[in-house]
Structures are given as C-alpha cells and as structure tokens.
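1. I'll drop the sequence and a predicted model, then ask my questions.
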Amino acid sequence: MSKGKFSDIKIEGARTNNLKNIDVKIPISKITCIYGPSGSGKTSLAFGTLVDESKRRYLNSLPNDIKFLWNIPPSADVDKIEPVLPVWALAQINPVVGSRPVVSDLIGATELLTRHYTLNGDFYCAECGGEIVKKSFEDFVNNWSRNLDDKEVIHFFIKKDAYKNLTPTGTPARSCKGKKSKIEDFNDDHAFWEVTRCRKKNISSALSRLEDFVGNSKIVFLIKVNGSQKNTEYEDSGSFCGDCSTPIFNSDFSSDKFNPLVATGACDECDGFGQTLDYDLTKIVKNETLTLDEGAIPLLTYKQFAHLMDDFKKDLKKKKINPELKFEKMSKAKWSILEKGGDNFCGLEEIYNYFERKKYKRSIRILSRRLKTERTCETCLGTRLRINKLSVYLSDLELSDALSSKINQIEATLKESSTDKDLSFKKLSFILETAKELGLGGVSLNRKVKTLSSGEYQRLLLVKILAQEGTGMLFVFDEPSRGLSIKEQGILYKKFEKLKAQGNTVAFVDHSRFLQSRSDYLIKMGLGAGSHGGDVVSVEKNKRKKITPAPKIVIPKLKSKSYVEFSEAKILDLFIKNIKVPLGNISWVIGDSGSGKSLFFKQLFYNHIELKHSGVKNFDLPYDFKRFHTTNVISKISYFDPELRTASSRSTVGTFLGFSELVRKHFSKLPVSEKLGLEPGCFSPNSDLGKCMTCEGRGILEIDMQFLENLTIKCEDCNGTKLKNDISTISDGTFTVDQSYNLPLKEVFETYKLTPKFAKLLEYTKLLNLSHLSLSRTLKSLSGGERLRLQFLKNLNLKATGEILIFDNLSIGLSGQELDGISSILKELKRMKNTVIIIDSNHYFSKIADNLIDFNDL
C-alpha cells in the first residue's frame with residue numbers, strides 16, 4: 001500500500017478481550033505511544049488486534065507445507081483493519097529456551113564477523129603458529145623430504161579417477177586403500193593409484209615425470225615413504241606452513257570452516273553448542289548435611305534405584321565408614337565408592353550407562369537432564385569452533401577470541417581493521433555500534449540467548465531490525481523502556497526515529513513519561529482495568545512538552561549492624577570488589593542496563609545463600625568470591641522473576657492463585673451436591689468428572705478446515721461454560737457454578753467464609769487492582785502488568801518473616817496506581833522483619849527505599 005493512499009491505520013469494531021467495540025486510527029509513518037492503567041486494553045489493541053491479524057494474514061499467504069510448521073493465531077475480533085501492514089512485534093518476553101543460539105547469532109553478527117575475518121585477516125598455522133606461504137610442488141616436496149635418507153623410497157599417488165582420466169591406458173604397479181593405509185600390489189578397488197616412485201637422491205627426476213600432473217587443480221597427490229608411516233598430501237594451488245610444512249588446501253580458507261553455525265565449522269565435541277552436558281555430583285548429592293536415610297542422595301531413594309542404597313551402605317561399611325553419619329562427615333573414600341562402585345554397589349558410572357541405554361524413554365531423559373550441568377566445552381573453550389589447521393587474526397585478535405568478546409570491545413578492535421570498501425564490515429559495525437548505544441555493550445557475543453532478560457532480548461531484536469533497513473512496515477513494542485535509564489531511553493527513541501525516517505510506523509505500549517513526551521501521537525486507554533477499561537479515552541497529537549528532569553536520587557547511606565556481605569565476587573565478566581546489603585530494610589538496586597544487577601543477585605547472591613540454606617543449587621553459572629559474611633541467620637531467600645513460564649493453555653486466574661479449589665469445595669458441600677454425590681472434581685473443567693466431554697473442558701471447538709484456516713466456535717453442548725450442563729447450572733442461592741467462574745473475584749467471594757490465608761490474598765487482589773479478573777480468565781489473555789502482579793501474589797509468602805525477598809523488574813507494565821498497591825505490600829513485608837531487594841530502574845521506588853545500591857558505582 002502506498003503512503004499516499006493511506007495516512008492512518010484504521011481499526012473499526014475492535015473487541016479483542018476487554019476492548020469495547022472501539023474505533024481508533026494509528027497514523028502511518030509516525031511514532032505512537034499507547035498508555036493507560038494495567039489491564040485497560042493496551043496490549044489487546046496493539047498485540048491482540050494489530051499484530052495477531054497481520055501475522056495471521058501473512059502466514060495464510062504461505063504454501064500449506066510451510067504453514068504446517070507455524071502456529072497461526074486466530075482471527076482478531078475486529079470488523080476492519082485497513083491497511084494491514086507487514087509487522088514486527090517485540091513482546092516483553094524472551095521465548096528462547098534452547099542452548100544453541102548466542103547473542104551474535106541473534107543480531108546476525110556471527111556470519112558477518114567470520115566473513116570479515118576470512119576476507120581481511122592474516123592466517124597462521126594453528127599447530128605451530130607459523131606463517132602460511134604459497135609454494136610450488138617442487139618446493140613443497142623438497143622441503144617435506146629434506147630430512148629423509150637418500151636411500152628412502154618415495155611413492156607418489158593420485159586418486160583412482162584422476163589416474164584414469166590422465167592415463168587412459170595401463171595400470172600402475174602399486175596402490176593403497178586410503179591415506180593412512182600401507183602400500184600394496186595393485187588392486188583395482190583401491191582409492192589411490194601410484195604414478196611414480198624414486199629414491200630420495202633421485203627426486204628431481206621423479207618431479208620431471210610428474211610435470212603433466214602438476215597444474216591440474218583437481219589433482220591431489222598422496223606422498224608416502226615406503227616402509228614408514230610418514231606421508232603427506234599436496235593439492236595444487238594450495239598453501240603450506242612455512243615452519244612445519246603442514247599442507248593447507250584452498251577449502252581450508254573458506255569462511256564456512258570458521259563459522260560455528262555450519263557443520264564444517266562447528267566443534268565436533270559439543271556440536272557447535274559451546275557447552276557440554278556433564279553429570280554434576282552437586283546435583284546428585286543434593287545436601288551433604290543430611291544422612292543417607294534423610295535423603296542426602298535423592299537418586300538412591302527413587303523407586304527404581306532404591307535397592308542400590310543397601311548395596312552402597314554395605315560397601316561403606318567395608319571401608320569402615322559409618323553409613324549413619326551425615327554425608328559431609330564421612331571420609332573422602334565415599335566418593336570413590338559412589339562414582340566407581342564397590343563389591344556390591346554398581347557405582348554412578350554404571351547408572352549413567354543405564355541412562356544412555358534407556359534414553360528413548362522420556363522419563364529417563366528428564367531425570368538424566370536434572371542431574372547434569374552445562375559446562376564450557378573443553379575442546380573449543382566455549383567458542384563453538386572446530387579445531388582447524390588455521391587460525392586467523394585481525395588486529396592481533398584471534399577469531400575465537402573475537403567471538404567471545406563483549407560487544408564494546410570487539411566494536412573498538414574492528415574499527416582499526418576497517419576499509420571504506422568493506423561492505424560486510426560496515427553492516428557489522430552498524431550492528432555493534434547500535435547495540436552499544438542501546439546499553440548492550442557489556443553483553444558478550446557468545447552469551448546464551450536464553451540467559452538474556454526480556455528487555456535485553458527485545459533491544460537485541462531491535463538491533464537486528466534496524467540493520468535490515470526495511471520500509472513500509474509496522475513495528476510494535478511492548479514496554480521497550482524496561483530496565484533502561486533515561487539516557488538509554490533517549491538513545492532508544494532516536495532508533496525509533498530512524499525507523500520512522502525509513503518510512504515505517506512505530507507503535508509501542510509503555511508507561512515511561514519520557515517516551516510518552518517524545519512520541520508524535522498518544523492513545524490513552526481506560527478508564528480502569530478489565531470491564532472498567534477497554535475504551536479509547538483520548539487520541540491526541542503530542543505537544544512535546546519539555547519533561548522535567550528527574551531529581552537526583554538522594555538516599556542517605558544506611559548504616560546497619562545486620563547485613564549480608566560479599567567481597568571480590570566474580571561471575572562471568574562481572575567483578576564486584578565489595579557489596580553490603582542491610583537486613584530488615586528495603587534496598588533499591590539501580591544501574592545502567594548490562595551493569596550486572598540481575599546477574600549478580602540472581603546467579604550469585606541468591607544462588608549461594610540458597611545453597612547454604614537448603615543445600616540446593618538452582619543455577620548452573622560458576623561464580624567465585626573471596627569472602628561471604630552474614631550477621632544474622634537467614635530463614636529463607638526467594639527470587640521473584642517477572643517472567644510467567646508455568647502457564648499452559650488451560651491455566652486460569654483461579655487455578656493459578658488457588659481460588660478455583662475454594663469454589664469446587666464450596667459447591668460440593670451444598671445439600672443438592674451431597675444428594676447427587678458430587679465431588680469437588682465434578683465442578684472442574686479439567687476433570688473427567690465435570691468437564692464437557694464434547695469440547696474436553698475448553699468451551700470451544702476447533703474445526704479443521706483442511707486447506708483453509710481452522711474455525712473456532714463456541715461449544716453448543718455446554719454453551720461455552722466448559723462444564724456439563726447439569727453441573728454448571730447448580731446454584732448456591734447467589735451465583736451458579738458458571739457465574740462463579742466468570743464474575744469478578746470481588747463479587748464471587750463476598751458471601752464465602754475464607755481462611756485467613758485466602759482472605760488476605762483476596763484483600764491483596766483488591767489492593768493490586770486485580771479483583772476485576774474472573775476465575776476463568778486464562779493467563780495467556782492477561783496483560784503483562786496483570787501477569788506480573790499475579791506472579792507476585794502467587795509466590796509471595798504472606799506469613800514470611802526474617803526472609804530475604806528479591807524482586808526483579810517489578811514495575812514492568814504498571815502505572816503509578818498499581819505501584820502504590822505493590823509498595824504497600826513491600827512495606828508490610830519490611831514491617832514483618834523481612835529484607836526486600838528491588839532491582840528496578842523506575843524512580844518510583846526511591847519513595848520507599850531505605851538503602852540505595854548503584855551498580856554504576858561498584
């Protein structure tokens with residue numbers, strides 16, 4: 001669609017989720033910010049309507065054999081969208097769970113970097129470091145045979161097909177099966193046929209006889225010394241190490257040989273993953289402070305391995321080790337028995353072999369994986385590269401080191417080797433420079449994508465998009481300011497302006513006052529959340545008022561006698577000389593994106609204290625420190641991740657928070673239910689006792705239209721209630737079962753006698769503006785802010801005391817109103833003598849923080 005024909009994207013009759021048949025226009029080739037309270041319909045408009053409909057139409061335009069591989073979203077509940085632009089959607093999640101992709105793959109830098117190195121780098125012998133030189137066949141043979149005795153016999157072979165082409169008549173006297181095979185009398189089946197032979201002293205005459213063969217680039221010479229294992233190869237137009245004469249063929253210079261994404265360049269040991277999965281004794285011996293009977297080795301308590309426990313104890317006794325002792329109190333001989341086995345116990349190595357034999361069973365694969373840890377591959381040292389004959393350098397930096405460098409380091413190094421005509425470098429330089437500007441300079445190129453935060457993942461995708469330089473597209477972002485300082489948000493907005501300058505349309509959902517103030521247009525959704533939202537409150541052209549700079553954060557340094565301290569802590573590339581966290585207070589952690597805030601508190605601080613407390617290691621990243629000290633006994637430590645990874649298509653608000661169980665028990669205790677013999681499971685759409693058997697408790701039916709898009713309709717048998725008709729209509733005098741699942745929480749539980757736990761939970765749903773949700777609302781249909789607050793409530797111990805609670809990116813998708821509710825709960829947790837650590841760049845938390853930890857100053 002041309003720009004002249006349409007000035008706006010017209011959306012008419014949008015009813016996705018809680019949208020109330022709204023009409024709205026999004027200006028084309030402009031930057032539009034959609035904002036409003038959490039749950040007001042922002043995400044439903046931007047992603048549920050615009051993105052899903054564009055994606056659906058694009059996928060339906062593909063051939064059926066390609067569509068089969070994709071999950072096509074359902075048709076958006078909207079009357080009209082015109083025009084439907086090609087869309088790039090960057091949601092606030094990191095969907096990658098695999099171990100293969102790394103940062104350089106995600107931004108397209110891997111192939112560009114390897115190509116730049118192989119085109120512009122200097123090659124050296126990987127074996128001895130010698131310089132690679134060109135040599136004639138005569139020079140090569142003379143150099144290779146210089147240390148041979150004059151009486152040694154040298155045989156020259158070429159491949160069978162080449163011999164037949166160049167010598168049509170006659171057969172040789174000798175041949176050999178392969179490169180390392182011995183020389184035999186001629187055999188027609190052998191791969192290499194002899195051309196000539198000579199003694200070392202007569203080598204010049206032999207070379208003259210080979211002149212007809214030399215110069216043909218298809219000829220590969222195999223040169224052997226009779227009666228010894230000494231042999232070599234020569235390919236015409238090849239190169240050689242000037243020091244050790246290792247032959248280097250033209251194919252050895254190919255960029256594919258240095259590309260870990262290609263089979264010829266990937267490490268043979270780890271298959272290009274950069275890591276190997278190895279059994280970890282710390283995961284097998286879970287807690288050394290326990291005895292064997294108490295579960296020090298959970299593996300030996302499982303039903304299929306329980307019989308081995310007695311065998312292990314017998315072998316311990318033979319070594320005069322008391323099996324009743326705590327595992328850590330036993331002598332070191334226990335490890336040998338555990339791993340290698342003894343007279344009775346088979347040993348872990350035999351159990352590992354059993355796992356390998358039975359890995360076709362899913363349960364065995366899951367169990368085996370839980371006992372393994374990802375470790376850096378010892379062959380490629382994490383570079384993912386195969387060991388080649390050559391190593392390639394550019395500005396004194398070897399390729400494998402470049403692929404492991406941080407973005408800001410490699411970007412600075414490569415500038416020294418650039419040329420004006422080097423197009424691959426220009427694109428690579430743009431990618432690296434853009435990533436650095438977006439606060440990603442501290443990220444290593446070989447960092448696994450699955451370890452990135454959602455904000456980092458979204459910005460790296462933006463880097464990739466900007467490098468494509470497309471036009472006429474729609475870009476939709478969800479909370480792009482996540483984890484960014486005001487300075488970094490300013491740089492981010494400049495990138496939005498570049499997309500706009502290329503003729504693209506940008507729409508984003510965000511609560512950042514800074515980004516709102518810079519946008520061309522503002523669309524406000526509201527007025528409230530859920531049924532109170534879903535309307536377009538206003539659409540206005542931004543007047544671009546100058547935003548008042550946020551005041552400098554001044555939080556007096558808190559001096560506390562109770563604290564947790566780490567000294568000289570190191571994890572990955574992060575080094576912290578000293579960090580002190582006061583106990584019983586609220587600490588606010590800030591710092592630029594990529595400064596290591598989440599990395600330290602999740603992978604080191606939380607992991608080590610949890611390991612000390614419960615003996616459980618939750619994360620695999622290795623870390624180190626010189627000193628760890630705590631003044632108080634820590635009863636428990638918890639880490640709250642905003643990512644909701646446990647949701648399935650059947651997960652609802654009720655099942656997630658546990659309220660659905662209350663409804664089931666409530667209705668099962670009614671007189672009518674007791675007369676009919678109805679159990680709590682009869683009121684669940686997930687149980688065979690109560691779910692509608694026609695739609696399997698989904699409330700909808702999906703009709704396969706073969707080559708057309710699948711059709712989704714409401715189940716006629718249960719009328720969308722998901723339950724059997726005779727069950728969904730049972731009433732307690734106030735609401736039916738169906739109404740209890742579909743009305744707002746605050747209405748359903750007004751007449752229930754709740755336990756203190758659920759009464760407090762219901763109170764918190766009102767405080768966090770979640771009481772408008774129904775029990776049957778699926779988690780996947782919630783906005784990002786609603787999901788975050790539900791996750792917050794789900795994992796919150798309402799009776800916690802003396803614990804350390806770490807909250808990461810707590811303000812994502814939340815307006816000031818929702819943050820007020822969360823702050824009230826955090827203050828209550830502090831009052832109960834818990835330690836609260838908030839990792840967030842939102843200045844709102846300066847209002848409640850007792851202590852400031854700035855990672856820019858560490």
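-> Perfect, thanks for sending it.
2. Near T751, how many other residues are there?
-> When neighbours are defined as other C-beta atoms under 10 Å, T751 has 11 of them. Quick note: C-beta positions are derived from backbone N, CA and C, even for glycine.
3. same question but for K151, I mixed them up
-> Counted by other C-beta under 10 Å, the residues lying close to K151 total 8.
4. what pairs with the residue found closest to it once you drop the neighbours it is linked to in the chain across the strands?
-> Take K151 and drop its neighbours on the chain: the residue closest to it by C-beta to C-beta, 6 or more residues apart in numbering is R199, 6.0 Å away. R199 forms beta bridges with V153, as assigned by DSSP bridges.
5. contacting residues around R199?
-> R199 makes contact with 150-154, according to C-beta atoms under 8 Å, 6 or more residues apart in numbering.
6. Quick one: buried ones out of the residues you listed?
-> With burial judged by 16 or more other C-beta atoms under 10 Å, the buried subset of the contacts of R199 is 152-154.
7. Closest to S61 out of the residues you listed?
-> For the buried ones among the contacts of R199, the residue nearest S61 by C-beta to C-beta is I154; the value is 65.0 Å.
8. before we move on, back to that, just the pLDDT for the residue nearest to K151.
-> At R199, the pLDDT value in this model is 89.
9. Got phi/psi on L474?
-> Dihedral angles of L474 (phi, psi; degrees, to the nearest 10) stand at phi -110, psi 130.
10. can you check S567 too?
-> Dihedral angles (degrees, to the nearest 10) for S567: phi -120, psi 140.
11. Tell me how far it lies from K577.
-> S567 sits 7 Å away from K577, taking C-beta to C-beta, to the nearest Å as the criterion.
12. Have a look at those two and say which one is more surrounded.
-> Between S567 and K577, counted using other C-beta under 10 Å, the more crowded position is S567 (14 against 10).
13. and the closest residue to that one other than its chain neighbours, how many residues sit next to it?
-> Spatially, and ignoring its direct neighbours in sequence, S567 is nearest to R627 (4.0 Å; C-beta to C-beta, 6+ apart). Neighbour count of R627, defined by other C-beta under 10 Å: 10.
14. what's R627 in contact with, if anything?
-> 565-568.
15. Give me the secondary structure label for the closest residue to Y302 other than its chain neighbours.
-> Of all residues not flanking Y302 in the chain, L367 sits nearest, at 7.9 Å (C-beta to C-beta, 6+ apart). Put simply, L367 is helix when judged by DSSP: H, G, I helix; E, B strand; the rest coil.
16. From what I see, L367 and Y354 are in contact.
-> No. With contact defined as C-beta atoms under 8 Å, L367 does not reach Y354; the gap is 10.7 Å.
17. Show me whatever sits in contact with both of these two.
-> Joint contacts of L367 and Y354 (C-beta under 8 Å, 6+ apart) do not exist.
18. Strands of the stretch 51-200 of the chain, start to end?
-> Along the stretch 51-200 of the chain, counting by DSSP state E, counting those that start in this stretch, strands occupy 80-82, 87-90, 122-125, 132-134, 153-159, 174-176, 184-185, 192-199.
19. Pick out the shakiest of the ones you listed, pLDDT-wise.
-> Per-segment mean pLDDT for the strands of the stretch 51-200 of the chain reaches its minimum on strand 132-134, at a mean of 74.
20. Need the contact partners of that strand.
-> 123-125, 239-242, 248, 390.
21. now stretch 391-398
-> If you take C-beta under 8 Å, 6+ apart as the criterion, stretch 391-398 is touched by 116-118, 120-126, 129, 258, 399-400, 402, 405, 410, 413-414, 416-417.
22. Could you measure from E82 over to L325?
-> E82 sits 76 Å away from L325, taking C-beta to C-beta as the criterion.
23. Quick check on the two: which one has the bigger neighbour count.
-> The neighbour count for E82 versus L325, taken as other C-beta under 10 Å, is higher for L325 (14 against 11).
24. Show the low-confidence segments of the stretch 401-550 of the chain, by residue range.
-> In the predicted model, the stretch 401-550 of the chain carries pLDDT under 70 at residues 416-423, 544-550.
25. Please pick the buried ones from the contacts of R627.
-> Buried residues within the contacts of R627, defined by neighbour count using 16+ other C-beta under 10 Å: F566.
26. I'd like the contacts of R627 written out as TSV, with pLDDT and distance to K134 added.
-> Converted to TSV, the contacts of R627 look like this (pLDDT from 0 to 100; distance: C-beta to C-beta, whole Å):
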residue	pLDDT	distance to K134
E565	91	61
F566	92	56
S567	92	56
E568	91	51
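27. What sits closest to the residue most central in space within the chain if chain neighbours are left out?
-> Residue closest to the average C-alpha location in the chain (C-alpha atoms, centre = their mean): K450, at 1.3 Å. Nearest non-adjacent residue to K450, counting by C-beta to C-beta, 6+ apart: V96, 4.9 Å away.
28. how about the helices in the stretch 601-750 of the chain?
-> Applying DSSP state H, counting those that start in this stretch to the stretch 601-750 of the chain gives helices spanning 607-614, 653-657, 659-668, 671-676, 725-728, 737-742, 745-748.
29. I'd like these as JSON lines, with mean neighbour count and distance to P480 appended.
-> As requested, the helices of the stretch 601-750 of the chain are arranged in JSON lines below (neighbours: other C-beta atoms under 10 Å; distance: least, C-beta to C-beta, whole Å):
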{"stretch": "helix 607-614", "mean neighbour count": "17", "distance to P480": "29"}
{"stretch": "helix 653-657", "mean neighbour count": "22", "distance to P480": "27"}
{"stretch": "helix 659-668", "mean neighbour count": "20", "distance to P480": "34"}
{"stretch": "helix 671-676", "mean neighbour count": "12", "distance to P480": "50"}
{"stretch": "helix 725-728", "mean neighbour count": "17", "distance to P480": "43"}
{"stretch": "helix 737-742", "mean neighbour count": "22", "distance to P480": "34"}
{"stretch": "helix 745-748", "mean neighbour count": "19", "distance to P480": "31"}
